[in-house]
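Engineer: turn this into a structure:
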Amino acid sequence: QVQLVESGGGLVQAGGSLRLSCAASGSIFSINAMGWYRQAPGKQRELVAAISSGGSTSYADSVKGRFTISRDNAKNTVYLQMNDLKPEDTAVYYCKAEIRRKGWGQLTSGYWGQGTQVTVSS
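Structural biologist: The predicted structure is shown next:
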């Protein structure tokens, strides 16, 4: 089994900061790309930021300069530092990891966390 557990969401005023964490655990051989997505009410889930196993990052235009994604490979954990938060950042944030499981050969599958709510008040 593989689990992704997120933490760090909450309620914050506009201009504030939050740091999200997502820890992967279980029968993991290696983790490739990791990313953060978000879904606001009535909208489709969108990619916010991604990071490769080597540390290359990419961001949605709406969060560039405000959000920073990072990872700790030793802890199988990905982080999202969110600064200068805006009301439009309000959403459920999900992490996703491309994981190669022990004993599963070369197969890599995507796994999702359960989501954490981020609410930004104006």
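Engineer: what sits opposite the most centrally placed residue in the chain in the beta ladder?
Structural biologist: For the chain, the residue nearest the mean C-alpha position is residue 36 (2.8 Å; Cα atoms, centre = their mean). On the basis of DSSP bridges, residue 36 is bridged to residue 49, residue 95.
Engineer: repeat that for residue 110.
Structural biologist: Beta-bridge partners of residue 110, as defined by DSSP bridges: residue 98.
Engineer: same check, this time on residue 30
Structural biologist: The partner residues for residue 30, given DSSP bridges, come to residue 100.
Engineer: now do stretch 64-84: everything it contacts.
Structural biologist: Applying Cβ atoms under 8 Å, 6 or more residues apart in numbering, the external contacts of stretch 64-84 come out as 15, 17-25, 28, 31, 34-36, 48-51, 53, 55, 57, 59, 63, 85, 89, 93, 95, 97, 118. (Glycine included, C-beta is placed from N, CA and C.)
Engineer: residue 47 touches residue 62, doesn't it?
Structural biologist: No - Residue 47 is beyond contact range of residue 62, at 10.7 Å (criterion: Cβ atoms under 8 Å).
Engineer: common neighbours of these two, please.
Structural biologist: Contacts common to residue 47 and residue 62, judged by Cβ under 8 Å, 6+ apart, are absent.
Engineer: over to the residue nearest to residue 17 when sequence neighbours are not counted: give its phi and psi.
Structural biologist: Nearest residue to residue 17 in three dimensions, chain neighbours excluded: residue 83, at 4.8 Å (Cβ to Cβ, 6 or more residues apart in numbering). Here is the backbone geometry of residue 83 (degrees, to the nearest 10): phi -110, psi 160.
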